[in-house]
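Colleague: can't give you the sequence, but here's the structure:
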């Protein structure tokens, strides 16, 4: 089934630990995105990639890094997790940059 | 950047109509979008307005007034499955997409 898969579905993490959230899409979309969703704040863009090999910073990039080695995968890494990074993380993709994003199922991350 | 406001919560009865308002301030405008998000799930695209007026899609309609920085999503003949959050999103002149905090609609029998 075409779409986006994210792993893990949920995770509880100790502060200071390193964590990578995985995202894979099989739609051959060029652009991919990472959003975080927090109650009362809506979806905020963390990082994006318009095409394989390129990445850019979104609205809230601090504490996160991404890579885009190929078209399908777009992992998000928290180098040293902090409690304020507790959130639901959505990976998304679109056929081209500036097209509307299609969202993955999300990862619920709790940092203690 | 964008400033997008929508009510936090709304409650309505099955079979009724609910109107969710969204006001925005943006640097340039390249479209307004509505997404539906059921609890614990991903947002899914509902509707798109780029010109003023009403766009109808079955039981859902979306209206836009660019001069007023205003949109609404109208849900008719409400069903229990319409209980969800509805996100208003605006795309600016640079095609940056920004989301409102969402409106949680609860449909009661």
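Modeller: Good, I have the coordinates. For clarity, every value in this text was computed on a predicted model and none was experimentally measured. Numbering: from 1, shown residues only, chains lettered A, B, ... in the order given.

Colleague: and the residue nearest the centre of chain A?
Modeller: Among the residues of chain A, the one closest to the centroid is residue A:34, at 3.0 Å (C-alpha atoms, centre = their mean).

Colleague: show me the beta-bridge partners of that residue.
Modeller: Beta bridges link residue A:34 to residue A:47, residue A:91, judged by DSSP bridges.

Colleague: same deal with residue B:3?
Modeller: Going by DSSP bridges, residue B:3 is paired in beta bridges with residue B:25.

Colleague: my guess is it contacts residue B:69. True?
Modeller: No - taking contacts as C-beta atoms under 8 Å, residue B:3 lies outside contact range of residue B:69: 9.2 Å. Where you see a C-beta, it was placed from the backbone N, CA and C, and this is true even at glycine.

Colleague: re the thing from before, distance of the residue nearest to the centre of chain A relative to residue A:11?
Modeller: 15 Å (C-beta to C-beta, to the nearest Å).

Colleague: next one: residue B:35
Modeller: From residue B:35 to residue A:11 the distance is 25 Å (C-beta to C-beta).

Colleague: check contacts around the residue lying farthest from the centre of chain B.
Modeller: Residue farthest from the centre of chain B, counting by C-alpha atoms, centre = their mean, is residue B:109 at 22.8 Å. Contact analysis of residue B:109 by C-beta atoms under 8 Å, 6 or more residues apart in numbering or on different chains lists B:13-14, B:80.

Colleague: which residue packs closest to residue B:29, ignoring adjacent ones?
Modeller: Counting by C-beta to C-beta, 6 or more residues apart in numbering or on different chains, residue B:29 lies nearest to residue B:66, which is 6.1 Å off, once chain neighbours are set aside.

Colleague: check which helices and strands the helix or strand encompassing residue A:43 sits against.
Modeller: Assigned by DSSP states H and E, residue A:43 belongs to strand A:42-49. In this structure, strand A:42-49 makes packing contacts with strand A:31-38, strand A:56-57, strand A:64-66, strand B:84-91, strand B:97-99, judged by 3 or more C-beta pairs under 8 Å, 6 or more residues apart in numbering or on different chains; DSSP states H and E.

Colleague: any chance of TSV for these, columns distance to residue A:74 and mean pLDDT?
Modeller: Output for the helices and strands packed on strand A:42-49, formatted as TSV (distance: least, C-beta to C-beta, whole Å; pLDDT from 0 to 100):
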stretch	distance to residue A:74	mean pLDDT
strand A:31-38	4	97
strand A:56-57	12	96
strand A:64-66	6	98
strand B:84-91	20	96
strand B:97-99	17	93
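
Colleague: residue B:42 contacts residue A:107, doesn't it?
Modeller: No - taking contacts as C-beta under 8 Å, residue B:42 lies outside contact range of residue A:107: 11.0 Å.

Colleague: show me what residue B:64 is bridged to.
Modeller: Per DSSP bridges, residues listed as beta-bridge partners of residue B:64: residue B:53, residue B:71.

Colleague: check contacts around it.
Modeller: Contacts of residue B:64 (C-beta under 8 Å, 6+ apart): B:32, B:49-53, B:55, B:70-71.
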